[in-house]
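**Q** Quick one: sequence plus predicted model below, questions after.
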Amino acid sequence: RKHTRAVIASSIIGNLLEWYDFLVYAYQAAVIAKLFFPPDNPSSGLLETYGIFAAGFITRPLGALIFGWVGDKYSRKTALMASIYLMSVPTFLMGCLPTYKQAGMAAPWLLVLTRIAQGFAVGGEFTATMVFLVEHAKPGRAGLQGSWAFFSVMIGVLAGSGI
């Protein structure tokens, strides 16, 4: 029972933090646009910021496929840990990126790369979390235990919306 709780808790925390990060980006898009795009056309900068947000979603299926393969070939835990580590690197780097005033057009391109890496990682992490939870469930509890993955997404979304 203690092992089951640890599996659920670790899965919830990782998933929650990744979705929290994605929502904070969406809600802070106006600030991000001001920092990473030329100031002469704020509307265009905001649209480009949301385009970069979309790029993170576009790479998710690829992340799910690649990390699904890693989970099958090595282990679910390996896939899950690798996706969490992969998510943490671009998240950290986003905080270190130069602004448009500092680096010109390199700034938005670096932002695109970090968002693509994050999207790829989230695709793998969410898929690995669901499978990991279900595979560690007791007989007759797979549905309930697997539902914690979606629960953690919604908690991350709610937490990100509260910023």
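**A** Cool, got the structure. Numbers count the residues shown, from 1 in each chain.
**Q** contacts, neighbours, all on C-alpha from now
**A** OK.
**Q** I'd say residue 8 and residue 148 touch.
**A** Yes: judged on C-alpha atoms under 8 Å, residue 8 makes contact with residue 148 at a distance of 7.0 Å.
**Q** can you list residues touching both of the two?
**A** Shared contacts of residue 8 and residue 148 (C-alpha atoms under 8 Å, 6 or more residues apart in numbering): residue 133.
**Q** So what does residue 138 look like in phi/psi?
**A** Main-chain dihedrals, residue 138, degrees, to the nearest 10: phi -70, psi 160.
**Q** count of neighbours near it?
**A** When neighbours are counted by other C-alpha atoms under 10 Å, residue 138 registers 11.
**Q** now swap in residue 142 and tell me
**A** Using other C-alpha under 10 Å: residue 142 sits among 16 other residues.
**Q** That one: what's it in contact with?
**A** 133, 134, 135.
**Q** next helix or strand past the helix or strand residue 14 falls within?
**A** Here residue 14, judged by DSSP states H and E, is contained in helix 2-27. Sequence-wise, the next helix or strand downstream of helix 2-27 (DSSP H and E) is helix 29-36.
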